[in-house]
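Asker: I'd like to go over a predicted model; first the sequence, then the structure.
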Amino acid sequence: MTTRFFGAPVKRNEDRKLLTGQAMFIDDVELPGLLHAAFLRSQVAHARIRSIDVSEALKRPGVVAVYTANDLGDYWRPGPLLVSPPPIPGIVFNERTHVPLAKDFVRCAGEPLAIVVAESRYLAEDALDDIFVDLDILPAVVDVEKALQKGTAHVHADLGSNVAAHVHQTKGDYAKAAAKAHLTLKRRFRYEHGISSPIETRGVVAQWDARAEHMTVWDTTQAPVFVRNLLAGALGLGEGQVRVIAPFVGGGFGPKILMLYPEEATLPWIAMRLKRPIKWIEDRFEHFVATTHERGQIHDAEIALDRDGRILGVKDVFLHDNGAYNPYGLTVPINSQCTMLGPYVIPAYDSTFTSVFTNLTIVTPYRGAGRQHGVFVIERLLDLAAHELGIDPTEIRRHNLIPPDAFPYQNEIIYQDFAPLQYDSGNYEPVLDRALEMIGHKTFINEEQPKLRAQGRCVGIGIACYVEGTGIGPYEGAKVQVRANGKVSVATGIGTQGQGHFTSFAQIVADQLGVKVTDVDIVTGDTDRFYWGAGTFASRGAVVAGNAVNEASLAVRKKALKLASDAFECAEEDLVLADGSVSITGIPEKFISLGELVLRANPMRGAVQPGTEPGLESTQYFGPASGTTANGVHAVIVEVDPSTYDMKILKYVVVHDCGTVINPLILAGQIHGGVAQGIGNAFYEKLAFDEHGQLLNASLADYLLPTALEIPRMELDHATTPSPLNPLGIKGAGEAGAIPVGPLIAQAIEDALQLKRKKVELLEIPLSPSRVFELIREGDKR
Amino acid sequence: MATERHDVELSVNGVAYRRSVEARMLLSDFLRHELHLAGTHVGCEHGVCGACTVLLDGAAVRSCLMFAVQTDGCAVSTIEGLASSDGELSPIQTAMHEHHGLQCGYCTPGILMTMTAFLRDKPDPTEQEVREALSGNLCRCTGYQNIVDAMMAAARAIRAAAP
């Protein structure tokens, strides 16, 4: 194929609709007779439900119906386990999935107790105040360490403990490695990840057409195909009777892939009963408690090194806050466990984690999906070791990087895609070198920092490396169809939340079929347009769906050339596919347009060859054998105000290798956005709970998303080591920006304030001015 | 208590509307669900995210923090009115496209309206001034850099086109 568009910074097809207010988001769906739902949510984190009295609410004018768990009858059942635990020997997994409405027990604040359906959203919310709930409040399980102590309350009384899962994985023999070590270092690390907080909250609209026996659901989901399948099963309908449409979705970042959320499960059921369409739009307070979080882990980690700083082994025992239910299996802690190995040769690894039920909102992946936690621990261990051994922090990293001839590199332990962790390809050292060059490492250390320090300014540098397992299976598909007007339609089953699929997929098609990018329409997230697929997660859209689009485009290209060769009575090799038509090489005036070929491919009369498929179209699927591993290095220079401990980022550099790049403009945007979320995570964002499991900062005025004043200009560069696992050589990039920011900021602040001299170590995220102040004050007391 | 209705007359993007609304109806809900101008988005309903920003008699305001009845007699501008009647994008819209200043696009309407007012008042801003003006609008996708670049380019385009 010619590559006019693939790899070029093509501007986005979808922008015009979004820039003119014409893109349809969930709350823009208006239907005749539309009802509105509001959810009564538990204000306490743990309670036995004595009674719920909805009689007053039903009397309020405009209220159509009110439902509690008991009203759902047989429809009430715990949701499915979306991700089974990986096949790891000795694994303990206690499945407790979430429920549509709390019954008998409330297990986290925000869990829905009742649904009011009314003629307007205002009336539905009014009626929430009319419901009388009698709760027997129980002690809340909030702290993951206390949760495992004897005599503590249990989130799931029938379980007899708060252990959601227990997993032990090893590579090599850590005890032997440690016995040979020149240095072993052990520390306790705490890493909190927050809430993804897309600017659009969640929403659902359900419409039941009783005559056609057909359900249409508009949903802010990242995985429309599976929402359809689950809903069809739950409602007793065939998959063909349910259409799920994920319209334009205003950001996802992970949490919009959980299913079925209570609102997704109940609205379609209610629409069938009331025979009217019904809408629910989450408000921001609900979002803070009712959309999933990621939150924290506590790691007790040890590293063993030889005299030169070469890693001999790592041992880690960690606790993972799972929240009240575990429908998403073990993806987050498994990612932490696997990603801790980073880009380094770690011959021995012994990792154990316990996932703990707490009376807090459910934890599911949020951009990075546990990888941050693992990267923080290994990067901080290397910083500590470098200090002990008197080695430069960048050099200890360099010593330990996996060499380019070691790929595919086996890490042996089981990854989230259930396969042994293997890095497909990579060339790590040049990425580190480039980052050091771009940040001006030598000049900063040798000239600028001493000069600024002499002026009393607290400036510091940080360097962090990471890998990211991306582009996992199972598969995605795409249907590519040339229309009679010569334009191309493409449909795929994944959802889109701003990743630019309408453009990057169009670039792939445009090159294969010789059309303009603007002449390719992409449809994502409509189950009536494409039946199969898994969804948008794990930095896999471009890798898996992108390759499916490529395969389908290739098949259509072959069809077009075959049809044209029949028409011209010449060999296919003598044909050129470009500018929307097929012509004979060297005779551009002898051409046939793609639109004309479409008509020929669907004759009204006459005979075709046996086995002929009509139309210029093809549906193809792509499923990689395993995930592909991207890598990168971030570098930062920060200045900290020594009196307020406020931090200012003076320079930020990202060098990243995600294999072949489809669209550098879109890629840069993904990196920028990821870094911004990483900076929020590292320094500004913290979900603050009290001992009763109440979220104390459930508003955007209190939970601080970074603004244009906090996020610095970023300088980006790319290395390209194509993946051998897919024909396009692509690796995923969606999460990379967010992953290494925590250890980077911690390292830079330590350096800026010269905390080593005070024997203060920053072993937790998030930091904030007040937290840095506290840690330094604690250090002063020692 | 909430059923008392009030007449409100206003213009939105130059079109006159007259409606009877409850006193408590937010301007954002009124624009979106009564006038069906759904381009104005709602992100937080407590005045922080800025997605619902519209121009009220030329000033950038949060439509989630106002009641529709408060706009009686006012002129409101929304994202639907930014492009010319023949569909030509405004310099700010164009620059956002050129610089990849949007991803999911949900915060975009508020950003366009905030910056339309800002660049009208300050056509030659520094980058820091753009960042300050933008800091009342949250974007979770872009990291702001491309939006800032787009606004600097839009300012240049606006100045170049000025008579």
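Answerer: Cool, the structure landed.
Asker: most centrally placed residue in chain B?
Answerer: In chain B, the residue lying closest to the centroid (Cα atoms, centre = their mean) is B:Met113, at 2.9 Å.
Asker: Which residue is the nearest non-sequential neighbour of it?
Answerer: Spatial nearest neighbour of B:Met113, excluding adjacent residues (Cβ to Cβ, 6 or more residues apart in numbering or on different chains): B:Thr53 at 4.5 Å. Every residue, glycine included, has its C-beta placed from N, CA and C.
Asker: give me every residue that touches that neighbour.
Answerer: By Cβ atoms under 8 Å, 6 or more residues apart in numbering or on different chains, B:Thr53 lies in contact with B:60-63, B:109-111, B:113-114, B:137.
Asker: max-length helix in chain B?
Answerer: Taking DSSP state H as the assignment, the helix of chain B that covers the most residues is helix B:145-161.
Asker: care to break chain B down by domain?
Answerer: Split into domains by automatic domain parsing, chain B comes to B:5-81, B:91-161.
Asker: Centre of the chain to the helix or strand where A:Ala127 lies, how far?
Answerer: A:Ala127 is part of helix A:121-128 when elements are defined by DSSP states H and E. Offset of helix A:121-128 from its chain centre (Cα atoms, centre = their mean, to the nearest Å): 33 Å.
Asker: Next, count neighbours for the residue of chain B found nearest chain A.
Answerer: Using Cβ to the nearest Cβ, the point where chain B gets nearest to chain A is B:Gly39, with a distance of 1.9 Å. Taking other Cβ atoms under 10 Å in any protein chain shown as the criterion, the count of residues near B:Gly39 is 25.
Asker: Spatially nearest residue to it (excluding sequence neighbours)?
Answerer: With sequence-adjacent residues excluded and distances taken as Cβ to Cβ, 6+ apart, B:Gly39 is closest to A:Gly21, at 1.9 Å.
Asker: what's the answer for B:Gly58, then?
Answerer: B:Ala117 (6.7 Å).
Asker: ok, the one you found touching B:Leu56?
Answerer: No: in terms of Cβ atoms under 8 Å, B:Ala117 does not count as a neighbour of B:Leu56; the distance is 10.0 Å.
Asker: need the residues of the stretch 201-350 of chain A near chain B, please.
Answerer: Residues of the stretch 201-350 of chain A found near chain B (Cβ under 8 Å from any Cβ of the partner chain) are A:201, A:248-251, A:253, A:283-284.
Asker: Show the contacting residues for A:Ile749.
Answerer: Per Cβ under 8 Å, 6+ apart, neighbours of A:Ile749: A:460, A:638, A:640, A:647, A:755, A:762, A:767, A:772.
Asker: A:Ile679 is in contact with the fourth one, correct?
Answerer: No: here A:Met647 lies out of contact with A:Ile679, judged by Cβ under 8 Å, at a distance of 9.4 Å.
Asker: shared neighbours of these two, anything?
Answerer: Between them, A:Met647 and A:Ile679 share the contacting residues A:Ile745, judged by Cβ under 8 Å, 6+ apart.
Asker: Nearest to chain B: which residue in the stretch 451-600 of chain A?
Answerer: Among all residues of the stretch 451-600 of chain A, A:Gly498 sits closest to chain B, at 3.0 Å; criterion: Cβ to the nearest Cβ.
Asker: residues contacting that residue?
Answerer: A:249-252, B:102-106, B:141.
Asker: again, only using 10 Å
Answerer: Shown here is A:Gly498, whose contacts under the criterion Cβ atoms under 10 Å, 6 or more residues apart in numbering or on different chains are A:12, A:14, A:18, A:198, A:200, A:248-253, A:666, A:669-670, A:673, B:102-106, B:140-142.
Asker: So it, which state does it fall into?
Answerer: Remark: A:Gly498 carries the secondary structure label coil [criterion: DSSP: H, G, I helix; E, B strand; the rest coil].
Asker: buried sites along the helix or strand harbouring A:Ala560?
Answerer: Assessed by DSSP H and E, A:Ala560 sits inside helix A:546-568. If you call a residue buried by 16 or more other Cβ atoms under 10 Å in any protein chain shown, then helix A:546-568 has these buried ones: A:546-557, A:559-561, A:563-565, A:568.
Asker: per-residue pLDDT, the residue of chain B closest to chain A?
Answerer: Model confidence at B:Gly39, expressed as pLDDT, equals 98.
Asker: my read: it touches B:Leu112, true?
Answerer: Yes: counting by Cβ atoms under 10 Å, a contact exists between B:Gly39 and B:Leu112, whose distance comes to 9.4 Å.
Asker: How about residue 25, nearest residue that isn't a chain neighbour?
Answerer: Going with chain A. In space, and not counting its chain neighbours, A:Phe25 is closest to A:Phe248: 5.0 Å by Cβ to Cβ, 6+ apart.
Asker: um, chain B though
Answerer: B:Ala68 (4.8 Å).
Asker: Run a quick check on the one you found versus B:Leu56, I expect a contact.
Answerer: No: applying Cβ under 10 Å as the test, B:Ala68 and B:Leu56 come out as separate, 11.5 Å apart.
Asker: Low-confidence bits of chain B, can you list those?
Answerer: Filtered on pLDDT under 70, chain B yields the residue ranges B:1-2.
Asker: neighbours of the residue of chain A found nearest chain B, just the number please.
Answerer: Per Cβ to the nearest Cβ, A:Gly21 is where chain A lies closest to chain B, at 1.9 Å. Using other Cβ under 10 Å as the criterion, A:Gly21 is surrounded by 22 other residues.
Asker: So it lies in a helix, does it not?
Answerer: No: using three-state DSSP, the assignment for A:Gly21 is coil, not a helix.
Asker: Return the per-residue confidence for it.
Answerer: 97.
Asker: Quickly list what A:Ile281 is bridged to.
Answerer: A:Gly203 (DSSP bridges).
Asker: From the structure, what's the count of residues near it?
Answerer: One way to gauge burial is a neighbour count; for A:Ile281, by other Cβ under 10 Å, it gives 22.
Asker: And B:Gln128, by the same measure?
Answerer: Neighbours of B:Gln128 under the rule other Cβ under 10 Å: 11.
Asker: Look at it and tell me its secondary structure.
Answerer: Using three-state DSSP, the three-state assignment for B:Gln128 comes out as helix.
Asker: show me what contacts it?
Answerer: A:708-709, B:148.
Asker: What separation do you get for it and B:Leu134?
Answerer: In this view, B:Gln128 and B:Leu134 are 11 Å apart by Cβ to Cβ, to the nearest Å.
Asker: Find residues that contact each of those two.
Answerer: Among the neighbours of B:Gln128, those also in contact with B:Leu134 (Cβ under 10 Å, 6+ apart) are A:708-709, B:148.
Asker: And the helices in chain B, which stretches?
Answerer: For chain B, helices defined by DSSP H occupy the ranges B:27-29, B:91-98, B:108-121, B:127-134, B:145-161.
Asker: Please name every helix or strand in contact with the longest helix of chain B.
Answerer: Other helices and strands packing on helix B:145-161, by 3 or more Cβ pairs under 10 Å, 6 or more residues apart in numbering or on different chains; DSSP states H and E, are helix A:664-679, helix B:91-98, helix B:108-121, helix B:127-134.
Asker: A:Phe132 is nearest to which of those helices?
Answerer: When those are compared for distance to A:Phe132 using Cβ to Cβ, the nearest one is helix B:108-121, at 39.0 Å.
Asker: Run the angle between that closest one and helix B:145-161 for me.
Answerer: What separates the directions of helix B:108-121 and helix B:145-161 is an angle of 40 degrees, with axes from the mean of the first three to the mean of the last three Cα atoms, to 10 degrees.
Asker: other SSEs contacting helix B:108-121?
Answerer: Counting contacts by 3+ Cβ pairs under 10 Å, 6+ apart, helix B:108-121 is packed against helix A:15-19, strand B:53-56, strand B:59-62, strand B:75-77, helix B:91-98, helix B:127-134, helix B:145-161.
Asker: Thank you, goodbye.
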